[in-house]
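# Below is the sequence, then the predicted model.
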Amino acid sequence: MSGVTLHIYEHEKRDIISMWNTQLKSIQRVLPRDYTENDIIAMLKLFYPHEWHSVEIKYRYYKIKDKYIKRHFGKTRYNMKQPKELLNSSSMFRRLLSDECRDLYATNYSEKEVNELIGELWDKRKPKIEKINQKIERAKSKTQQVTPQFINQLIGLYERKNTSQKDKMYILAELQKYYNPAVIQFFLKQNDTELNKQLRWIAFYHLQSFNYHPRARRQKYMQIHTRNKKRKEYLKRVYPDERHTIPKTPMELEYRIENAKEQRIKEFDYFISHSYLDSSLVQELIIYENSIGKNVFCDWISDSDYLKRNLICDATLKVLENRLEQSKCLLFVDSNNSRHSVWCKYELNYFKELGKPMYIITINDIENGSFDVKRFLDKWYLDPAYKELALIESTKVIS
């Protein structure tokens, strides 16, 4: 293991131990009378759930890295202990488990006092836990919690040697739309190893939004793994400072769909046709569909940066048509709002022409927690002039 890698890994472990020492001091007076090791761990998980989860994530990350290293080099490198084992490295944890400390605690134990202290600590910790929960939920609301088959293809495209910094920006933007172990592992890796500053900071902030406690690495500590002198010079002198800003317009997305593989490989189980006025309930539908492994297209998640209402144009319609073509089925969310939506009528008519299966679910069913979809057989939406109506509607929005 190189000196730099060893230093970073050991620093991470020291930070974890230091964090635990501080947390253990806060819970040392709220333990059961005859507490055990499991009682201490349960209290840590209760009052510091996100912090404990962050250690579990780091353990899984290093375990996966070791698995890769062993497969290619014959032996493991990090050998990070599981959180419960690593906790034994905490001086405060060992002190709490000593016979002397436990006997003294049991002797002076007061159930009334402990209950009061638990209430005080919970009043202090609860707002912080809820704030983090809200932060994570906001981040998750911008993603789908499912792992579509093309995720590994996207990661593979990113890791090709000839993939430009520009193309990597587009691939990262696509990966950020999904929340699953494969994507989180990928962003953890990029935060550790990506030489390009712009890409590495994107990975850092994305992980931070889910409260994963990433460590920001300084450029001088980034390692270059190549023996090719010309490429090494490029990776050291040029690549780190390359930057690209994605034009967030329907025209740009239309171009990428037609010319870039990260868009062409995408496929959706459902195109969700709905009114944006029903978005809160549609979010519940998406969560349910993700829970049963369905990857859906929903414009304000899947293409939120490009399909803004103030940017509607011919390219918007072309993008929608491409997304409809990439979808196996259409799922119409039936409500008063969607029945009066020109855009829903556009989507229904176009998908009907594609001849693929169409399904329907009512807004009331979603409200009642029933997510059974039915075949969509009605034809009230049929209109030969649906494209013209959509273009007229777009001029209203722009004006």
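Alright, I've got the coordinates. Numbers count the residues shown, from 1 in each chain.

# neighbours around the residue nearest to Asp241 when sequence neighbours are not counted, how many?
Among residues not flanking Asp241 along the chain, Lys197 sits closest, at 6.7 Å (Cβ to Cβ, 6 or more residues apart in numbering). In this view, the C-beta of every residue, glycine as well, is placed from N, C-alpha and C. By other Cβ atoms under 10 Å, 15 other residues sit near Lys197.

# and what of the one 4 residues further on?
Other residues lying near Trp201 total 13 when counted by other Cβ under 10 Å.

# what residues are up against the residue nearest to Asp241?
Lys197 makes contact with 219, 240-241 under the criterion Cβ atoms under 8 Å, 6 or more residues apart in numbering.

# what about Gln82, neighbour count?
By other Cβ under 10 Å, 12 other residues sit near Gln82.

# Next, the closest residue to Val296 other than its chain neighbours: secondary structure please.
On the basis of Cβ to Cβ, 6+ apart, the spatially nearest residue to Val296 that is not a chain neighbour turns out to be Tyr270, at 4.4 Å. Classification of Tyr270 using DSSP: H, G, I helix; E, B strand; the rest coil returns strand.

# Does Tyr270 touch Gln326 like I think?
No. Here Tyr270 lies out of contact with Gln326, judged by Cβ atoms under 8 Å, at a distance of 11.1 Å.

# These two - which one has more neighbours?
With neighbours defined as other Cβ under 10 Å, Tyr270 and Gln326 compare such that Tyr270 has more, 22 against 17.

# who's in contact with the nearest residue to Asn295 once chain neighbours are set aside?
In this structure, Asn295 finds its nearest non-sequential neighbour in Pro148, 4.1 Å apart by Cβ to Cβ, 6+ apart. Contacts of Pro148 were listed using Cβ under 8 Å, 6+ apart, and they are 178, 266-267, 295.

# so when I look at Pro148, I'm seeing a helix, right?
No. With the criterion set as three-state DSSP, the secondary structure at Pro148 is coil rather than a helix.

# so where's the protein shaky on pLDDT?
Across the chain, the stretches falling below the confidence threshold (pLDDT under 70) are 1-4, 307-312, 393-399.

# can you map out the strands along it?
Using DSSP state E, the strands assigned to the chain run over residues 268-273, 296-297, 327-334, 358-362, 374-375.

# Name the residues that touch stretch 204-216?
Taking Cβ under 8 Å, 6+ apart as the criterion, the residues outside stretch 204-216 that touch it are 8, 11-12, 50-51, 54, 57, 132, 135-136, 138-140, 176, 179, 184, 187-188, 191, 201, 203.

# same check, this time on stretch 333-344
Contacts with stretch 333-344, where a contact means Cβ under 8 Å, 6+ apart, come from 272-275, 277-278, 281-282, 285, 320, 332, 360-363, 366, 380-381, 389-390, 393.

# Tell me the gap between that stretch and the middle of its chain.
Centroid separation for stretch 333-344 versus its chain: 30 Å, with Cα atoms, centre = their mean, to the nearest Å.

# Buried residues, that stretch. List them.
333-335, 337-338, 341-344 (16 or more other Cβ atoms under 10 Å).

# Restricted to helices, list the residues you listed.
Helix and strand membership here follows DSSP state H; of those, those in helices are 337-338, 342-344.

# quick one: which two of those are the most distant?
The widest separation within those, taken as Cβ to Cβ, falls between Asn337 and Val342 and amounts to 11.8 Å.

# just to revisit the earlier point, format the strands of the chain as CSV; extra columns: distance to Ser91.
As requested, these are arranged in CSV below (distance: least, Cβ to Cβ, whole Å):
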stretch, distance to Ser91
strand 268-273, 52
strand 296-297, 50
strand 327-334, 56
strand 358-362, 56
strand 374-375, 62
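
# where along the stretch 1-150 of the chain do the helices fall?
Counting by DSSP state H, counting those that start in this stretch, the stretch 1-150 of the chain has helices at residues 3-27, 37-47, 49-73, 83-86, 91-97, 99-107, 111-141.

# Looking at those helices, spot the one closest to Phe351.
Evaluated with Cβ to Cβ, the helices of the stretch 1-150 of the chain place helix 111-141 nearest to Phe351, the distance being 26.1 Å.

# Show me what that closest one is packed against.
helix 37-47, helix 49-73, helix 197-209 (3 or more Cβ pairs under 8 Å, 6 or more residues apart in numbering; DSSP states H and E).

# Buried ones in the shortest one, by neighbour count?
So that's helix 37-47. For helix 37-47, a neighbour-count test (16+ other Cβ under 10 Å) marks 40, 43-44, 46-47 as buried.

# In terms of secondary structure, what does it contact?
The helices and strands touching helix 37-47, judged by 3+ Cβ pairs under 8 Å, 6+ apart, are helix 3-27, helix 49-73, helix 91-97, helix 111-141.

# could you give the angle of it to helix 111-141?
Orientation check (axes from the mean of the first three to the mean of the last three Cα atoms, to 10 degrees): helix 37-47 against helix 111-141 gives 50 degrees.

# Which residues does helix 37-47 contact?
Applying Cβ under 8 Å, 6+ apart, the contact partners of helix 37-47 are 20, 23-24, 26-27, 30-32, 51-52, 84, 87, 93, 96-97, 121-122, 125.

# From the ones in helices among the buried residues of stretch 333-344, pick the one nearest Lys374.
Set against Lys374, the nearest of these by Cβ to Cβ is Ser338 (15.3 Å).

# What about the closest residue to the closest one other than its chain neighbours, how many residues nearby?
The spatially closest residue to Ser338, leaving aside those adjacent along the chain, is Ser275, at 4.3 Å (Cβ to Cβ, 6+ apart). Here the count is done by other Cβ under 10 Å, and Ser275 has 18 residues near it.

# And His72, by the same measure?
By the measure other Cβ under 10 Å, the count of residues near His72 is 7.

# what's the answer for Asn196, then?
By other Cβ under 10 Å, the residues close to Asn196 number 21.
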